[in-house]
Structure formats: C-alpha cells, structure tokens
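> Please find the sequence and the predicted model below.
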Amino acid sequence: MDDENTIFVGSKETMSYVMALMTQFSSGSEEAVIKARGRAISKAVDIAEIAKNRFLDDAEITDIITETEQLENDEGDGTTNVSSIEITVRKN
C-alpha cells in the first residue's frame with residue numbers, strides 16, 4: 001500500500017479524517033489505510049467505524065495491525081515505546 005491511500009491521523013477533528021477517507025473511495029480507490037500512534041489510536045478506530053457504519057454500506061475492515069515502535073525521546077538519551085495501529089478499510 002502506498003502513502004497515497006494512507007490517512008495519517010493527528011490532531012484534526014475526527015470528521016476531517018472521515019471525509020479524507022470518503023474522498024479516497026470516491027476517487028476510485030478500493031482500499032485505504034488509516035494509521036495512528038499513541039493517543040490518536042482511539043480516533044483512528046472512530047474514523048473507521050463512523051465511515052463504515054454511516055457512509056459506506058459496502059465497506060469492511062479487512063485488517064488491523066498493532067505494534068510498538070521505539071522512538072528516541074526528546075532528550076536524545078534513550079527510547080520511548082509508542083503503540084501504533086493500521087486499519088485497512090476495503091470497499092466492496
């Protein structure tokens with residue numbers, strides 16, 4: 001999956017990301033990936049569920065991948081573990 005079909009979740013409103021997902025599908029994509037880290041994980045789940053239940057009757061969540069990434073902390077003297085999620089949504 002290329003970055004073109006990937007939605008990176010950050011600090012915007014949830015519906016902004018839902019609209020980005022809808023735009024992906026309306027432009028002809030059959031599949032999109034929602035990616036988030038840390039506190040944005042719950043927002044990523046909300047985005048997938050809102051899109052699937054309210055806007056895309058023929059969509060399904062086909063894959064969910066969770067992992068832990070090690071990032072260097074701000075001081076640069078160690079690492080911090082950060083959880084991440086990738087949710088693949090496919091339109092049938």
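Sure thing, it's come through. Residues are numbered from 1 along each chain as shown.

> Helices of the protein, residue ranges please.
Under the criterion DSSP state H, the chain contains helices at 14-26, 41-50.

> Turn these into a markdown table, columns for distance to residue 80 and mean neighbour count.
Any C-beta I mention is one placed from the backbone N, CA and C, and that applies to glycine too. Below are the helices of the chain laid out as a markdown table (distance: least, Cβ to Cβ, whole Å; neighbours: other Cβ atoms under 10 Å):
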| stretch | distance to residue 80 | mean neighbour count |
| --- | --- | --- |
| helix 14-26 | 25 | 17 |
| helix 41-50 | 15 | 18 |
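
> could those be laid out in TSV, adding mean pLDDT?
Formatted as TSV, these follow (pLDDT from 0 to 100):
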stretch	mean pLDDT
helix 14-26	95
helix 41-50	97
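
> Of all those helices, which one is nearest residue 92?
With Cβ to Cβ, the closest approach to residue 92 among the helices of the chain belongs to helix 14-26: 10.9 Å.

> what packs against that closest one?
Helices and strands touching helix 14-26, by 3 or more Cβ pairs under 8 Å, 6 or more residues apart in numbering; DSSP states H and E, are strand 6-8, strand 31-37, helix 41-50.

> wait, which of these is closest to residue 82?
Closest among the helices and strands packed on helix 14-26, using Cβ to Cβ: strand 31-37, at 5.3 Å.
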